[in-house]
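Asks: this is a predicted model, with the sequence first.
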Amino acid sequence: MRVLVTGGAGFLGSHLCETLLKRGDSVVCVDDLSTGRRDNLAKFADHPKFTFVQLDVSTALNIKGRLDAVAHLASPASPPDYHRLPLETLAVGSRGTENALKLAERKTARFILASTSEIYGDPTVHPQNEQYWGNVSSIGPRSVYDEAKRFAEALSMAYSRTRGVNVGIVRIFNTFGPRMRAEDGRVVSSFIAQALNGDPLTIYGDGQQTRSFCYVDDLIRGLVAMIDSNETGPINLGNPVERTVQELAELVLEITGSSSNIEFHRRPVDDPTRRRPDISLAAKVLGWQPQVSTEEGLEQAIQYFRSHAGEVSAAAAEIAGAQFEGMSQASHQAAPSVMAEPA
């Protein structure tokens, strides 16, 4: 196969590119490097079947040659990123998605949309299955990301129904692992960086809000299975083992051996109370389920962060700055959260 991966220099995108190359596919990676990093591509940048194109998919997307699949992962995905790039986030969810769909239509290629558990908002149904429509604010502080993904889903289904594009939608729940940016503001990366730096681990709220954490290798297996299928979805991909944020913080401290303490701060607006995927559909139609425990995954992620000590040390000020911004905005009912990141 020849596969285009938008957002291919990002955390998930780079792992998807690497996995596809390992199984013998040709990969075209497109990324504007606004949140992705060339370093994520270093292991396979010289692979004879790999091509990198620096491009903003919101402006144009024209790739020469045959394409068998288009995997659309391009988007800021952590709260600090989409709060820093709100218009760009909306653009890549709308114009970027349509450019990728038009390309898939021209090439008669399978189109995969990387959507998100943020579709469900602060859910009133637990665990969340694909039939649940969600509880989402269209004007809240998280809306630029939530609504960009909701529009992307609607647009993808419109192209499927009216233009016959072979569409597949996956809703990705919290994913973690190597190649996460230490300063990206997601809860796992923030906790690990704080623990390794000896800084307090900061929890927003009482720490009893829950999340379900999926290791990146498991998530990528699900994405590849979706590429290879003809399922339309949406299909949830995530680990159904539910943990409180406080439990996660304590686990990070245990594995790192850090003497850092835990601090509690005001909980941001629209921070979901519970988040857990129902993955019965993925198990049924894709034969997929997670295989790596949170503990095993954290050990791998922590090892990666230890090997990037300079980046982790430099992230301390940025993490603190993002937290200060979040706290000051929370008082005005518009707080980004490092505790409730999207996929």
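Replies: Ah, there it is.

Asks: how about the closest residue to Asn135 other than its chain neighbours, phi and psi?
Replies: Closest residue to Asn135 apart from its sequence neighbours, by Cβ to Cβ, 6 or more residues apart in numbering: Gly121 at 4.3 Å. Any C-beta I mention is one placed from the backbone N, CA and C, and that applies to glycine too. Taking degrees, to the nearest 10, you get phi 60, psi -140 for the backbone angles of Gly121.

Asks: number of residues surrounding Gly121?
Replies: Neighbours of Gly121 under the rule other Cβ atoms under 10 Å: 22.

Asks: now the one 5 residues further on
Replies: Number of residues near His126 (other Cβ under 10 Å) recorded here: 15.

Asks: for it, give me its contacts.
Replies: His126 is in contact with 274, 276, counting by Cβ atoms under 8 Å, 6 or more residues apart in numbering.

Asks: helix or strand for it, just tell me which one.
Replies: His126 is part of no helix or strand when elements are defined by DSSP states H and E.

Asks: what's the answer for Leu253, then?
Replies: In the assignment (DSSP H and E), Leu253 maps to helix 245-256.

Asks: residues in contact with the helix or strand following that helix: which ones?
Replies: For helix 245-256, the succeeding helix or strand toward the C-terminus, using DSSP H and E, is strand 262-265. Residues from elsewhere that reach strand 262-265, judged by Cβ under 8 Å, 6+ apart: 200-207, 246, 249-250, 253, 323, 327.

Asks: pLDDT score for Ser280?
Replies: pLDDT, Ser280: 98.

Asks: next, count neighbours for it.
Replies: Ser280 is flanked by 14 other residues according to other Cβ under 10 Å.

Asks: next, the residue of the chain most remote from its centre: phi, psi?
Replies: In the chain, counting by Cα atoms, centre = their mean, Ser259 sits farthest out from the average C-alpha position, at 29.4 Å. Dihedral pair for Ser259: phi -100, psi 10, per degrees, to the nearest 10.

Asks: from Thr273, how far out is the closest residue to it other than its chain neighbours?
Replies: Of all residues not flanking Ser259 in the chain, Gly198 sits nearest, at 6.9 Å (Cβ to Cβ, 6+ apart). Distance, Gly198 to Thr273, by Cβ to Cβ, to the nearest Å: 31 Å.

Asks: what is the helix holding Leu253 packed up against?
Replies: Packing partners of helix 245-256 (3 or more Cβ pairs under 8 Å, 6 or more residues apart in numbering; DSSP states H and E): helix 187-197, strand 201-204, strand 210-212, strand 262-265, helix 294-306.

Asks: please identify the most buried of the ones you listed.
Replies: Greatest average neighbour count among the helices and strands packed on helix 245-256 goes to helix 187-197 (a mean of 26), per mean count of other Cβ atoms under 10 Å.

Asks: against which helices or strands is that helix packed?
Replies: Using 3+ Cβ pairs under 8 Å, 6+ apart, helix 187-197 sits against strand 201-204, helix 245-256, helix 294-306, helix 309-330.

Asks: closest to Gly185 out of the ones you listed?
Replies: Nearest to Gly185 among the helices and strands packed on helix 187-197 is helix 309-330 (5.1 Å), distances taken as Cβ to Cβ.

Asks: tell me which residues in stretch 35-54 are buried?
Replies: Neighbour-count burial for stretch 35-54 flags 35-36, 40-41, 44, 50-53 (criterion: 16 or more other Cβ atoms under 10 Å).

Asks: what of stretch 64-80?
Replies: Within stretch 64-80, the residues scored as buried using 16+ other Cβ under 10 Å are 67-80.

Asks: which of these fall within strands?
Replies: Among the buried residues of stretch 64-80, the members falling in strands (DSSP state E) are 69-72.
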